[in-house]
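>>> Model the structure of this input:
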Amino acid sequence: MGLMGFLRNKAGVILTAAMAIAILAFLLGDVVRGGAPFWARHQNRVGEVNGTEIEYPEFNQQVEQTEEMFKQQMGGAVTPQMRTYAVQQVWNQFLSREILKKEIEKIGLTVGKDELNDLVKGPNPSPQIVQAFTNPQTGQFDHGQLMTFLSQVNTAGNQAVADQWEALLEGVRDERLSSKYGELLSNSVYVTSLEANEEYQERNKLANFKYILLDYASVKDAEAKVTDADYQKYYDEHKNMFKSQEETRAIQYVIVDAKPLAKDSLQVKESIDKLKQDLIVAKDDSLFASINSDNKYPFSYVKKGQLSPSLDSVVFNVAAGTTVGPFLSNGAYEIAKVVSTVVGPDSVKASHILLDPTTEGGVDKALAKADSIKGLIQKGDNFAALAIQFSNDPGSKANGGELGTFTRGRMVPEFEKAVFEGKTGDIKVVKSQFGVHIIKIEQQIGTAKYAKVAIIDKVINSGKETLNNAHSKATAFLSTATTQNFAQEAKKLGLEAKTASRVTAMDNVLDGNEAPRDLIKWAFEAKKGDVSDKVFETETSYILASLVNIQPKGTLPLDAVKKDIEPAVKNMVKAKVLKDKFDKALAGASSIDQVAQKVGKSAIHVDNVVFANPVIPGVALENAVVGTVFGLQPNKPSKAIEGNTGVYVVQVNGFTNPSAISDINGQKKQMLTAKAQRAWGSIFRALQDKAEIIDNRVKFF
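Next up is the predicted model:
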């Protein structure tokens, strides 16, 4: 059966003569042993986890296979964003596998042959199998596509497909081992009745209280001078917040917009109008569309809901031969010619027997044998038994020829025409590029109007003049910009310099703006203070960049986070001022209303606040404040409490205790699920923190 596409600085070294000889001997020894010298090792190393390396050829092959999968699932060509996702997915799989490997080996977990087979073809296939064989048009898992692919895995000449399949199986095994390990961890946690009752109380015990808020905005910055000691104090108290898992870099950048202008859109409109006239009279509609369309669309039957909204609203209401459009859709003008229409099933369940003309003595003999087999089936012989006996399709043969249920566009044209234009129960003989098929239509499911549509679109891109003007501005900036005057020179040209302060090696954005990978690679090769010597390009802009800072992996120094923590440090200093004000008001006061009068505020009453949802209604999330409330005795004002919005004083009026828990086992079960999930994530993070990880992806991607 037809093969369906599968997923898509320098330092001098002074050596004594003895040292030089020793090193030379070491190098020669390396060569004699056949290995590369130490200075040449790891040239292709993309990454390493706990001593296990992955080199570029292997890593890149997996990336390309993942790209192909994305291409099949999303349609169209592989975009830079899709490539970034593919690189990240392959890296995450490598990271996860190697981090867990020793743990899994110690326990002795494996995936057996029957278990793996069930994960592929069983009733509940692996999520990776589901992802790989999901129909992009319906968004549903396509079992027929899986079975058809399996039939081609062992076919001679399909080594690339076999490699893709083995890579996918490896992913399925890794995923299952990870899942088993996670299940073991989940089963190691427990919840006591005491914990369940505590959780129940936290969610159902109600607090009624009054509060006074002196917010930070009420203190002017001039009244709260921030010192270096204040920054140091805040930094020391929150050091865990500043731990970075990987090296980051701060990049100052300027974006010169090169988006299409109105005149560019008009030129594209004129072009598509001319193409429409040519499409109307074209002899080979699909070939003409394929040659002239910016995006290539499958020339196959589609039903309502599968095209862009504009086309979708008209093509099913016009006669065959009609050309419609142009319509503006997602930054492109599109036209379409309705070549033919048909009312038919949405999907078909079918079985087949495949004969290979080469082994049968030619096409004619294969067709004659197929007719004979067809005759036996029509007389009542068992199709499944005949498939096992005669079929040359190993993927479906073992299942009596079953191909499962598939939608339109999944099979080669000859096969598809037979099963979608026939009727349930028909036995058909069809010749395709793969051989001669005896097909049994088991079931036809659903019915809808379908149209075969030749679609042409023209993307609205910036014209030459628009690009030249933007590029000239970018080049003018590049010729004058230095580290010292970067922002000033940008301003002179009406541009704005921004700084992305936490850029990682595999990012493809700067503060949400698209950034080409060569810009990021430059930044991770540059020295602090460097200005790029080239203009970086995206589809809609030119970008100039300067490397402002380098923050190594680990806990970031105070200087690196000073700007980020400035607002919080200011609030910390303001909190001292407000606490002093409250302390004076609290002296001698026996109620919160007396405190309120002294500070010139009103005490606000709040009802029905629970510990598990520590929100002051209409104000903010205030964990410290609500936490204090549940530890107070009623009718006595608290001390000043530093919160997120300001400084508070609270006084409890009373608590409303809930009735006894009615279903403690249900409560424990619910808590256990959440606790198990947290345990798995926490343990993996701990293993990751402990692991020795070298990430060189930025050198290659």
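
>>> who touches Tyr648 in this structure?
Residues in contact with Tyr648, defined by CB atoms under 8 Å, 6 or more residues apart in numbering, are Tyr211, Ile212, Leu213, Leu214, Glu622, Val625, Ser638, Ala640, Ile641. C-betas here are computed from N, CA, C, even on glycine.

>>> Distance of it relative to Lys669?
37 Å (CB to CB, to the nearest Å).

>>> One more: Ala686?
Counting by CB to CB - Ala686 and Lys669 are separated by 26 Å.

>>> try Lys579
Distance from Lys579 to Lys669, by CB to CB: 44 Å.

>>> Looking at these two, which is more packed in?
Neighbours per residue, other CB atoms under 10 Å: of Lys579 and Lys669, the larger number sits with Lys579, 18 against 12.

>>> would you say that one is within a strand?
No. The assignment for Lys579 (DSSP: H, G, I helix; E, B strand; the rest coil) gives helix, which keeps it out of a strand.

>>> Give the closest residue to it in space, chain neighbours not counted.
Of all residues not flanking Lys579 in the chain, Ala640 sits nearest, at 4.4 Å (CB to CB, 6 or more residues apart in numbering).

>>> residue contacts, the one you found?
Leu578, Lys579, Phe582, Asp583, Leu586, Val647, Tyr648, Val649.

>>> Go again with 7 Å.
Lys579, Phe582, Asp583, Val647, Val649 (CB atoms under 7 Å, 6 or more residues apart in numbering).

>>> again, but for Phe536
Pro516, Asp518, Leu519, Ile543, Ala545.

>>> What of His437?
His352, Leu354, Phe415, Val430.

>>> ok, the helix or strand hosting the second one: who's next to it in the sheet?
In this structure, Leu354 is located in strand 347-355 according to DSSP states H and E. Using DSSP bridges, the neighbouring strands of strand 347-355 in the sheet come out as strand 402-407 (antiparallel), strand 435-445 (antiparallel).

>>> now these in JSON lines, with mean pLDDT?
Listed next are the strands paired with strand 347-355 as JSON lines, based on pLDDT from 0 to 100:
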{"stretch": "strand 402-407", "mean pLDDT": "87"}
{"stretch": "strand 435-445", "mean pLDDT": "93"}
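
>>> Please identify which helix or strand holds the nearest residue in space to Ala589 that is not next to it in sequence.
Spatial nearest neighbour of Ala589, chain neighbours left out: Val595 (4.8 Å); criterion: CB to CB, 6+ apart. Using DSSP H and E, Val595 falls within helix 592-599.

>>> helices and strands around that helix, which ones?
Applying 3 or more CB pairs under 7 Å, 6 or more residues apart in numbering; DSSP states H and E, one finds that helix 592-599 makes contact with strand 206-215, helix 558-586, strand 646-656.

>>> Measure how the helix or strand following that helix sits relative to strand 206-215, angle-wise.
For helix 592-599, the following helix or strand on the C-terminal side (DSSP H and E) is strand 604-609. Using axes from the mean of the first three to the mean of the last three CA atoms, to 10 degrees, the direction of strand 604-609 lies 140 degrees away from that of strand 206-215.

>>> In helices, which of the contacts of Phe536 fall?
Among the contacts of Phe536, the members found in helices (DSSP state H) are Asp518, Leu519.

>>> Please pick the buried ones from the contacts of Phe536.
Neighbour-count burial (16 or more other CB atoms under 10 Å) applied to the contacts of Phe536 gives Pro516, Leu519, Ile543, Ala545.

>>> Rebuild these as a markdown table, extending it with distance to Glu421 and pLDDT.
A markdown table is the format used below for the buried ones among the contacts of Phe536 (distance: CB to CB, whole Å; pLDDT from 0 to 100):
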| residue | distance to Glu421 | pLDDT |
| --- | --- | --- |
| Pro516 | 48 | 91 |
| Leu519 | 53 | 95 |
| Ile543 | 54 | 95 |
| Ala545 | 58 | 95 |
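
>>> out of the residues you listed, which one sits closest to Phe486?
Phe486 lies nearest to Ala545 out of the buried ones among the contacts of Phe536, by CB to CB, at 9.3 Å.

>>> Let's see which of the buried ones among the contacts of Phe536 end up in strands.
Ile543, Ala545 (DSSP state E).

>>> now the buried ones among the contacts of Phe536 in TSV, with distance to Ala691?
Formatted as TSV, these follow (distance: CB to CB, whole Å):
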residue	distance to Ala691
Pro516	31
Leu519	29
Ile543	35
Ala545	32
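
>>> for the helices and strands packed on helix 592-599, which one sits closest to Ser602?
With CB to CB as the criterion, Ser602 lies closest to strand 206-215 of those, at 7.7 Å.

>>> Let me know the average pLDDT across the closest one.
Average pLDDT, strand 206-215: 96.

>>> packing partners for whatever helix or strand comes next after that strand?
Counting by DSSP H and E, the element after strand 206-215 in chain order, helix or strand, is helix 228-237. For helix 228-237, the packing partners by 3+ CB pairs under 7 Å, 6+ apart come out as helix 558-586.

>>> Please report how far Leu275 lies from Thr466.
The gap separating Leu275 from Thr466 is 22 Å, by CB to CB.

>>> And Glu414, by the same measure?
On the measure of CB to CB, Glu414 and Thr466 end up 48 Å apart.

>>> So the two - more neighbours on which side?
It is Thr466, of Glu414 and Thr466, that has more neighbours when counted by other CB under 10 Å, with 17 against 14.

>>> Helices along the stretch 251-400 of the chain, start to end?
Along the stretch 251-400 of the chain, counting by DSSP state H, counting those that start in this stretch, helices occupy 262-281, 285-292, 309-312, 357-360, 363-378, 383-390, 394-397.

>>> Next, format those as CSV and append mean neighbour count, mean pLDDT and distance to Tyr301.
As requested, these are arranged in CSV below (neighbours: other CB atoms under 10 Å; pLDDT from 0 to 100; distance: least, CB to CB, whole Å):
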stretch, mean neighbour count, mean pLDDT, distance to Tyr301
helix 262-281, 14, 94, 19
helix 285-292, 17, 92, 12
helix 309-312, 16, 93, 14
helix 357-360, 14, 88, 28
helix 363-378, 16, 92, 26
helix 383-390, 17, 91, 27
helix 394-397, 20, 80, 24
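
>>> sorry, back to before: ok, and the most crowded of the contacts of Ala640?
Val649 (28 neighbours).

>>> In contact with it: list those residues for me.
Residues counted as contacts of Val649 (CB under 7 Å, 6+ apart) are Tyr211, Ile212, Phe582, Leu586, Ile592, Val595, Pro637, Ser638, Ala640.

>>> Buried residues in stretch 597-609, which are they?
Lys598, Val599, Lys601, Ala603, Ile604, Val606, Val609.

>>> Please read off the pLDDT at Gln88 from the model.
So, for Gln88, pLDDT stands at 91.
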